[in-house]
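**Student:** I need the structure of the sequence given here:
(chains A and B)
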There are 2 protein chains.
Amino acid sequence: MADSPAPPNTMSAEAAPSERTRVKRLPNRGAYDRQTIYRIVDASISCHIGYVVDGQPYVTPTAHWRRDEYVYWHGSSASRMLRAQGTARSVCFTVTLLDGLVLARSAFHHSMNYRSVMALGIPQLVDDPEEKMAALQAFVERLTPGRWREVRPPTEAELKATTVMRLRLDEASAKMRSGPSVEDDADLALPCWAGVVPLAVQAGPLQPDALLPPGTPTPAYLGAFKLG
Amino acid sequence: MADSPAPPNTMSAEAAPSERTRVKRLPNRGAYDRQTIYRIVDASISCHIGYVVDGQPYVTPTAHWRRDEYVYWHGSSASRMLRAQGTARSVCFTVTLLDGLVLARSAFHHSMNYRSVMALGIPQLVDDPEEKMAALQAFVERLTPGRWREVRPPTEAELKATTVMRLRLDEASAKMRSGPSVEDDADLALPCWAGVVPLAVQAGPLQPDALLPPGTPTPAYLGAFKLG
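**Tutor:** Have a look, this model is predicted:
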């Protein structure tokens, strides 16, 4: 990850790299097929979105979700990020899953295992109230399937206060590294420990709200809660 | 996190928000003191760096580390990201720790617990070989203290093939959310479960390299390996 950027790609069902989107360094780390890209996007709860205001890039973390070929994110209608993104300028959507530290016998060959996706494009405002509601429903259902019918749905005012954006995953690429360290042959004799420290986002013990009525059941979707 | 951007701040030991850097929405989520910012930067292994090429923002994940008021990152000298960053243009350095899903009784009040830092500025190339070596040593020691003297140090050629950048954390801010969901009073009577699903990056069981000589001891710094 550290050693090369992953500017994305024109993504077809197969793959058709454009100049600004091909993974150039370590090209064996690049992937352009939709299923690989979707799997990585779906395995992560949050993304980082890059946008430009007055020539200055900003990178803002936000939660995302996917429906078919679109990734969605949302926020307050008063947010500067979302207003800046509503001006028909291209953004960069990046998702990264850190999978491990790769400890090599030489300082130089230390690395990270990761999966990442980068997508470029002009996001669209999801403005139609029905589409907006369906998108928010998909967001809740993606992480906690079945929860949408349990919670109070958004009021008209809440819907108005919420901006939903989406980006079509047309120009996108995935980049990843996995497996053990790559070593120079001469280093294999060194007495130093080498290997991988696997990393993953884990859910800890649930923290029920203090005001829950006693006996409120824990929903099944939380017992099965799993990331990645 | 989803609901507002965290454009950063002119950061002094105390706090002196500039117009482009003040946390505007939900300002109680913003923090500008150095110690808060350093703690968040140090708790995360990797960051996202935003930079602009031909008007297009790119967001690239990379590992980072901190020494005093500077954050560092590195990569291949052949990397497009690092070449683009070497042109005296301002970048955005963002670090995000996802701490939990906040499940409210209404769809609208669902949220995330997180800690994030955003810093803007023009990065510097760390060019002096001695400084570069010291920076790389700090990188290895930050995650695995004591490992630098165990591994083969970089050769001159490896050092040349590695680009090290640093950014002074002058214009930076932190943004965070913690604690339970905020609810409308009328929603408290709903029978729906509410609470927090805590999230954290965890290290899994070590994966020793297949070519390690039998009996190679596991270093103490891996037994104690902890993130966050």
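
**Student:** State the next helix or strand along the chain beyond the longest strand seen in chain A.
**Tutor:** Counting residues, the longest strand in chain A under DSSP state E turns out to be strand A:91-103. Note on strand A:91-103: by DSSP states H and E, the next helix or strand toward the C-terminus is strand A:111-121.

**Student:** Can you tell me which helices and strands that next one packs against?
**Tutor:** On a contact count with 3 or more Cβ pairs under 8 Å, 6 or more residues apart in numbering or on different chains; DSSP states H and E, strand A:111-121 meets helix A:34-43, strand A:91-103, strand A:162-168, strand A:171-177, strand B:56-63. Any C-beta I mention is one placed from the backbone N, CA and C, and that applies to glycine too.

**Student:** how close does A:T155 sit to A:T144?
**Tutor:** Using Cβ to Cβ, to the nearest Å, A:T155 is found at 21 Å from A:T144.

**Student:** Tell me which of these two has more neighbours.
**Tutor:** A:T144 (21 against 13; other Cβ atoms under 10 Å in any protein chain shown).

**Student:** Please tabulate the helices and strands packed on strand A:111-121 in CSV, including the columns distance to A:S111 and mean pLDDT.
**Tutor:** Formatted as CSV, the helices and strands packed on strand A:111-121 follow (distance: least, Cβ to Cβ, whole Å; pLDDT from 0 to 100):
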stretch, distance to A:S111, mean pLDDT
helix A:34-43, 18, 95
strand A:91-103, 4, 97
strand A:162-168, 29, 96
strand A:171-177, 6, 94
strand B:56-63, 9, 96
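
**Student:** how about those, which one is nearest B:A172?
**Tutor:** Ranking the helices and strands packed on strand A:111-121 by their distance to B:A172 (criterion: Cβ to Cβ) puts strand B:56-63 first, at 17.4 Å.

**Student:** Paired strands for that closest one, with orientation please.
**Tutor:** Next to strand B:56-63 in the sheet, as set by DSSP bridges, lie strand B:46-53 (antiparallel).

**Student:** Okay, now the unreliable bits of chain A?
**Tutor:** Within chain A, the segments meeting pLDDT under 70 span A:1-29, A:224-228.

**Student:** From the centroid of it, which residue is nearest?
**Tutor:** Taking Cα atoms, centre = their mean, the centroid of chain A lies closest to A:V95, which sits 3.1 Å from it.

**Student:** Thought A:C47 was touching that residue, still the case?
**Tutor:** Yes - shown here, A:V95 and A:C47 form a contact pair, counting by Cβ atoms under 8 Å, at 4.7 Å.

**Student:** Next, show the common contact partners of these two.
**Tutor:** Counting by Cβ atoms under 8 Å, 6 or more residues apart in numbering or on different chains, the common neighbours of A:V95 and A:C47 are A:V41, A:H64.

**Student:** Dump the helices and strands packed on strand A:111-121 into CSV; add distance to B:V41 as well.
**Tutor:** As requested, these are arranged in CSV below (distance: least, Cβ to Cβ, whole Å):
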stretch, distance to B:V41
helix A:34-43, 25
strand A:91-103, 16
strand A:162-168, 28
strand A:171-177, 24
strand B:56-63, 12
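
**Student:** Report the inter-axis angle for the biggest helix by length in chain A versus strand A:162-168.
**Tutor:** Secondary structure assigned by DSSP state H gives helix A:129-143 as the longest helix of chain A. Angle, helix A:129-143 to strand A:162-168, by axes from the mean of the first three to the mean of the last three Cα atoms, to 10 degrees: 80 degrees.

**Student:** which helices and strands sit right next to helix A:129-143?
**Tutor:** Counting contacts by 3+ Cβ pairs under 8 Å, 6+ apart, helix A:129-143 packs against strand A:65-67, strand A:70-76, helix A:156-160, strand A:162-168.

**Student:** buried sites along the first one?
**Tutor:** Okay, so that is strand A:65-67. Residues of strand A:65-67 classed as buried: A:W65, A:R66 (neighbour count, 16 or more other Cβ atoms under 10 Å in any protein chain shown).

**Student:** tell me which strands and helices that strand is in contact with?
**Tutor:** Packing contacts for strand A:65-67, counted by 3+ Cβ pairs under 8 Å, 6+ apart, involve helix A:34-43, strand A:70-76, helix A:129-143.

**Student:** export stretch A:57-65 as PDB, just CAs?
**Tutor:** Provided in PDB are the C-alpha atoms of stretch A:57-65 (Å, rounded to 0.1, in the frame of the first residue of the first chain):
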ATOM      1  CA  PRO A  57      -7.900  18.700  -1.700                       C
ATOM      2  CA  TYR A  58      -9.900  17.600   1.300                       C
ATOM      3  CA  VAL A  59     -10.300  14.000   2.400                       C
ATOM      4  CA  THR A  60     -13.400  13.200   4.500                       C
ATOM      5  CA  PRO A  61     -14.300   9.900   6.000                       C
ATOM      6  CA  THR A  62     -17.900   8.800   5.700                       C
ATOM      7  CA  ALA A  63     -20.000   5.600   5.800                       C
ATOM      8  CA  HIS A  64     -20.900   4.200   2.400                       C
ATOM      9  CA  TRP A  65     -23.100   1.500   0.900                       C
END
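
**Student:** Okay, A:G50 and B:T94: tell me how far apart.
**Tutor:** Here the criterion is Cβ to Cβ. By it, A:G50 lies 9 Å from B:T94.

**Student:** and for these two, which residues touch both?
**Tutor:** With Cβ under 8 Å, 6+ apart, A:G50 and B:T94 have common neighbours A:V59, B:H48, B:G50.

**Student:** Based on its surroundings, how many neighbours for the first one?
**Tutor:** The one in question is A:V59. Counted by other Cβ under 10 Å, the residues lying close to A:V59 total 31.

**Student:** Kindly report the same for the one 4 residues further on.
**Tutor:** A:A63: 24 surrounding residues under other Cβ under 10 Å.
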